[in-house]
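Asks: Need a 3D model of the sequence below.
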Amino acid sequence: MRNKTKNLKIREFSFPLSMYYFARFFFNHHKFNMKLNRWESKKLHKRTTNISIDRPIYITGLTRAGTTIILEMLSKHSDTANHRYLHMVNPYIPNFIQQIANKTRIFVKKSERLHKDRIVVNRSSPEAVEEIFWQRFFSGIIDEKVSNIYTYSTVNEEFEEFYAEHLKKLLCNQNSSRYLVKNNYNVSRMEYILKLFPTAKFLIVVRNPIDHIASIIKQDQIFHEMERKHKQLLHWTKIIGHREFGSAKLCINVNNTEEIEQIRELWKKEETCVKGWAIYWSSIYEAVLEFLQKNKELEKAVLMVRYEDLCENSNETLDNIINHLELSHEKFTEIKTEYSKKLTKPTYYKPKFSEKEIQTIIELTKKTAEKFNYKF
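Replies: I've put the predicted structure just below:
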């Protein structure tokens, strides 16, 4: 008999099509999700009541800077708890979803993720999931005409109560003491997060703008191509809050609405696309520097990580990361040894910019890039 199990296959990566339909159902029924959340919270109350959210770890920066590989490494530290691919179906009930996953063999085999960037994943791999909550609880968060900067003055009591309880459930479920998350959009929310969790630790990842922009453009093209072949992908990226590439991509508004309008116009034409990304790169990292300059407490909580240092000087960079995060070096020894051997700059693609495009990037990013010790 013919096997009728259907997978949504995109390049070499595939997952059960049922996963998409379940996620779509929950995406459209927020009130039902909150009922499920309250039910699970009640069931776990005795186990979570004494859990404190201690020094949660936030990895952020513009997409394609190297945030995912850092998440992957730190997720293997026994003290950290993080969202996983399996939670994308319904992240509101992490404990129950994990129990279901433990009883099935769905999506166990590892395969290269959609981005085609050498990172292999399965249902237990760490993933950026919490953006689903941010986009659900904050109206206007996906409106590029509204500032996405959240500060000490930001208040959302419903979200704050839910978020704190959710992190406790995740810590409880994974028997860990430190929450770990990678979310590129959190780059404009750090002050608000520090307000919620005064002991929070941040890693901001930055990359040489020429290579960085090349990687972003490559991914954007890959996603546009996949969208044409697989219609569900566009909706899937909206459901899980991954709006960095393809037709669903969103700019992070750092109080620069007019600049974003300019960037959007530049993206429409192939000959000016690079210029648009260069302006965007500079706007994000210039905003980061401004955040740190204005808020000394935030500056103390942040460690800037250059992608090139991670690849070329892995041991020292990883030691600096573990020191800043106040994690156990002993528990990270084997992980550090494993990754220090394989952390290298990408060899599967090279920037294919013309001399004119390279000069455009340098001209538009040089002032900001030099503050991160990049020389042209």
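Asks: show me where pLDDT drops low in this structure?
Replies: Along the chain, the model assigns pLDDT under 70 to residues 1-18, 105-122, 347-350.
Asks: For it, just list every one of the strands.
Replies: Here the chain has its strands, by DSSP state E, at 7-10, 13-16, 57-60, 80-81, 111-112, 120-121, 178-182, 201-206, 302-306.
Asks: Could you tell me the angle between the direction of the longest one and that of strand 302-306?
Replies: The reference is to strand 201-206. Interaxial angle, strand 201-206 versus strand 302-306 (axes from the mean of the first three to the mean of the last three C-alpha atoms, to 10 degrees): 30 degrees.
Asks: Next, the angle strand 178-182 makes with strand 201-206.
Replies: Strand 201-206 and strand 178-182 are oriented at 20 degrees to each other (the same axes, to 10 degrees).
Asks: contacts for strand 201-206?
Replies: If you take C-beta atoms under 8 Å, 6 or more residues apart in numbering as the criterion, strand 201-206 is touched by 55-62, 65-67, 70, 187, 190, 193, 285, 288, 298, 301-307, 310, 321, 324-326, 372. C-beta here means a position set from N, CA and C on the backbone, and glycine is covered the same way.
Asks: Of all the residues in that strand, which ones are buried?
Replies: The neighbour-count check on strand 201-206 (16 or more other C-beta atoms under 10 Å) flags 201-206 as buried.
Asks: repeat for stretch 222-235
Replies: Under 16+ other C-beta under 10 Å, the buried positions of stretch 222-235 are 222-223, 226-227, 233-234.
Asks: List the ones among those that fall in helices.
Replies: Taking DSSP state H as the definition of helices, the buried residues of stretch 222-235 contribute 222-223, 226-227, 233-234.
Asks: and which of these is nearest to Q262?
Replies: Closest approach to Q262 among these (C-beta to C-beta): F223, at 22.5 Å.
Asks: Contact partners for the nearest residue to E286 once chain neighbours are set aside?
Replies: Spatially, and ignoring its direct neighbours in sequence, E286 is nearest to T368 (4.9 Å; C-beta to C-beta, 6 or more residues apart in numbering). For T368, the contacting residues are 281-282, 285-286, 289, by C-beta under 8 Å, 6+ apart.
Asks: For V288, see how far away T368 is.
Replies: 9 Å (C-beta to C-beta, to the nearest Å).
Asks: Tell me, how many residues neighbour T337?
Replies: T337 has 11 neighbouring residues, counting by other C-beta atoms under 10 Å.
Asks: What of E299?
Replies: The tally of other residues near E299 (other C-beta under 10 Å) stands at 13.
Asks: N255 is in contact with I149, correct?
Replies: Yes - when contacts are counted by C-beta atoms under 8 Å, I149 is listed as touching N255 (6.0 Å).
Asks: residues shared between the contacts of these two?
Replies: A287.
Asks: on that earlier part again, narrow the contacts of strand 201-206 to just the buried residues.
Replies: 55-62, 65-67, 70, 187, 190, 193, 285, 288, 298, 301-307, 310, 321, 324-325, 372.
Asks: dump the residue contacts of G246.
Replies: With C-beta under 8 Å, 6+ apart, G246 has these contacts: 220, 223-224, 226-227, 233-234, 237.
Asks: Do you have the helices of the stretch 51-200 of the chain handy? List them.
Replies: Shown for the stretch 51-200 of the chain, the helices assigned by DSSP state H, counting those that start in this stretch span residues 67-75, 94-102, 131-137, 157-173, 190-196.
Asks: between those helices, which one is nearest to N28?
Replies: With C-beta to C-beta as the criterion, N28 lies closest to helix 131-137 of these, at 11.4 Å.
Asks: got the buried residues for that closest one?
Replies: Neighbour counts over helix 131-137 (16+ other C-beta under 10 Å) mark 131-136 as buried.
Asks: Reformat the contacts of G246 as TSV; add distance to L343.
Replies: Supplementary listing: the contacts of G246 in TSV, determined by distance: C-beta to C-beta, whole Å:
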residue	distance to L343
D220	25
F223	25
H224	29
M226	27
E227	31
L233	29
L234	33
T237	28
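Asks: ok, the residues you listed vs P94, which is closest?
Replies: T237 (21.3 Å).
Asks: Name the nearest residue to that closest one, ignoring sequence neighbours.
Replies: T237 sits nearest to A248 (C-beta to C-beta, 6+ apart), 4.9 Å away.
Asks: Is the one you found in contact with K238, as I believe?
Replies: Yes - with contacts counted by C-beta under 8 Å, A248 reaches K238, the gap being 5.4 Å.
Asks: and E265, what does it touch?
Replies: E265 sits next to 272, 276 when contact means C-beta under 8 Å, 6+ apart.
Asks: how near is it to L194?
Replies: Applying C-beta to C-beta, the value for E265 to L194 is 35 Å.
Asks: Also Q232?
Replies: For Q232, the distance to L194 - C-beta to C-beta - is 37 Å.
Asks: residues of stretch 27-37 that come out buried?
Replies: Those would be 27, 33, 36-37, for stretch 27-37 by 16+ other C-beta under 10 Å.
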